[in-house]
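Trainee: Give me a model of this one.
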Amino acid sequence: MAYSTRFSVVALALAALQHVHAADIFAAVDSNKDGFVTLDEIISHPSGMAEKHLVPMIKMNFPKADANGDGKLNREEWAAFTEMGAGEDIFAEVDSNKDGFVTLDEIISHPSGEAEQHHVPMIKKNFPKSDANGDGKLNREEWVAFTEMDDAGEDIFAEVDSNKDGFVTLDEIISHPSGEAEKHHLPMIKKNFPKADANGDGALNREEWAAFTDMDDWEGSALQQFAEVDADEDGFVTLDELTSHATAEAAKGEEEDQQYVEERFVPMVLAKFPKADADSDGKLNIEEWAVFTASLDDGQEL
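Mentor: Below is the predicted model of the structure:
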């Protein structure tokens with residue numbers, strides 16, 4: 001099948017199950033809320049992140065990330081854990097001489113292929129911006145800043161921090177001219193900010209910023225998909241908007257897509273929409289949308 005409505009309309013619904021609540025992943029996995037994540041909490045988390053085929057890799061990576069060997073990960077150790085690929089800490093892998101630092105030469109000469117010829121100029125441009133103390137090498141904190149830089153060589157945190165005080169406030173995020181805080185993102189930004197602000201001081205340091213940016217994939221988020229379906233941009237999705245959107249998307253595909261929407265998707269929506277509409281006002285707010293999209297996964301075949 002070519003472009004399928006099942007993956008444009010229904011897949012957005014499944015994505016919402018993971019993203020729309022915008023929970024801090026670390027906090028979500030920390031089931032007993034003690035500020036640490038254990039191996040058991042990762043493996044038993046209901047998100048499915050520890051599917052059977054991933055468990056061996058998780059078990060291999062966990063002790064590598066547990067720097068103090070206490071059997072649990074704090075946020076800094078969690079950051080190292082989530083950076084790990086197939087059993088490797090990317091920072092440690094690039095640090096070829098194992099001195100605890102990464103140099104420009106180590107990045108460029110690393111056999112991963114990440115420093116292909118067309119990337120080298122950008123790497124050379126970004127490296128000194130990340131090297132905060134100017135010693136010609138990156139520690140782990142500087143490495144995080146380096147990996148956060150966009151293709152134009154900008155440290156996103158530093159760019160949003162308009163008053164250059166080393167912290168990012170909610171106002172700075174919302175007023176940033178990048179356009180990242182478009183109208184349909186604002187509710188999620190306002191909801192996520194206090195969750196990431198661990199010490200409640202109204203500003204995010206770099207560690208809290210990392211948690212904030214970990215909360216959702218802005219471009220692929222279910223909130224953006226909610227906004228796309230919300231045709232009149234009133235902050236709600238009606239049954240008509242949902243079925244019209246699905247029908248319009250199906251019309252762009254093949255006959256099979258149109259048949260799927262007419263015979264399966266629309267009847268399913270008609271059955272599930274009223275159940276998700278908790279206040280029975282005939283429209284879904286973002287919280288009701290999350291319930292609705294989660295219900296589509298119940299017995300849904302993709």
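Trainee: all contacts plus neighbour counts: C-alpha atoms, from now on.
Mentor: Fine.
Trainee: Show me the longest helix that occurs in the protein.
Mentor: helix 239-251 (DSSP state H).
Trainee: what mean pLDDT does it have?
Mentor: Averaged across helix 239-251, the pLDDT comes to 88.
Trainee: same deal with stretch 60-70?
Mentor: 86.
Trainee: From start to finish, how long is that stretch in a straight line?
Mentor: 16 Å (C-alpha to C-alpha, to the nearest Å).
Trainee: what's the answer for stretch 163-170, then?
Mentor: By C-alpha to C-alpha, the extent of stretch 163-170 from end to end equals 13 Å.
Trainee: Buried residues, that stretch. List them.
Mentor: Residues of stretch 163-170 classed as buried: 167-170 (neighbour count, 16 or more other C-alpha atoms under 10 Å).
Trainee: what do you get for stretch 275-295?
Mentor: In stretch 275-295, counting by 16+ other C-alpha under 10 Å, buried: 276-277, 283-286, 288-295.
Trainee: Over to stretch 126-136?
Mentor: In stretch 126-136, counting by 16+ other C-alpha under 10 Å, buried: 126-131.
Trainee: which of these lies closest to residue 28?
Mentor: Nearest to residue 28 out of those is residue 130 (C-alpha to C-alpha; 30.0 Å).
Trainee: In the buried residues of stretch 275-295, which has the lowest confidence score?
Mentor: Minimum pLDDT across the buried residues of stretch 275-295 falls on residue 294, with 66.
Trainee: Would you confirm that residue 211 contacts residue 196?
Mentor: Yes. Contact criterion C-alpha atoms under 8 Å: residue 211 and residue 196 qualify, at 5.7 Å.
Trainee: Next, count neighbours for residue 40.
Mentor: 12 (other C-alpha atoms under 10 Å).
Trainee: now residue 142
Mentor: Neighbours of residue 142 under the rule other C-alpha under 10 Å: 20.
Trainee: same check, this time on residue 68
Mentor: Neighbours around residue 68, by other C-alpha under 10 Å: 12.
Trainee: cool, the one 4 residues further on as well?
Mentor: Here the count is done by other C-alpha under 10 Å, and residue 72 has 20 residues near it.
Trainee: and the buried residues of stretch 275-295, which of them are in strands?
Mentor: Counting by DSSP state E, the part of these found in strands is 283-284.
Trainee: What is the burial count for the spatially closest residue to residue 137 that is not a sequence neighbour?
Mentor: Sequence neighbours aside, residue 103 is the residue nearest to residue 137 in space, at 4.5 Å (criterion: C-alpha to C-alpha, 6 or more residues apart in numbering). Residues near residue 103, counting by other C-alpha under 10 Å, number 20.
Trainee: Take the buried residues of stretch 163-170 and write them to TSV, including distance to residue 36, pLDDT and secondary structure.
Mentor: Below are these laid out as TSV (distance: C-alpha to C-alpha, whole Å; pLDDT from 0 to 100; DSSP: H, G, I helix; E, B strand; the rest coil):
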residue	distance to residue 36	pLDDT	secondary structure
167	24	91	coil
168	25	92	strand
169	26	94	strand
170	26	91	helix
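Trainee: Residue 207: which of those residues is nearest?
Mentor: residue 167 (10.2 Å).
Trainee: quick revisit: which strands or helices does the longest helix of the chain pack on?
Mentor: Secondary-structure packing of helix 239-251 (3 or more C-alpha pairs under 8 Å, 6 or more residues apart in numbering; DSSP states H and E): helix 5, helix 222-229, helix 255-260, helix 266-276.
Trainee: Quickly compare the ones you listed and say which is most buried.
Mentor: Among the helices and strands packed on helix 239-251, helix 5 has the highest mean neighbour count (mean count of other C-alpha atoms under 10 Å), at a mean of 24.
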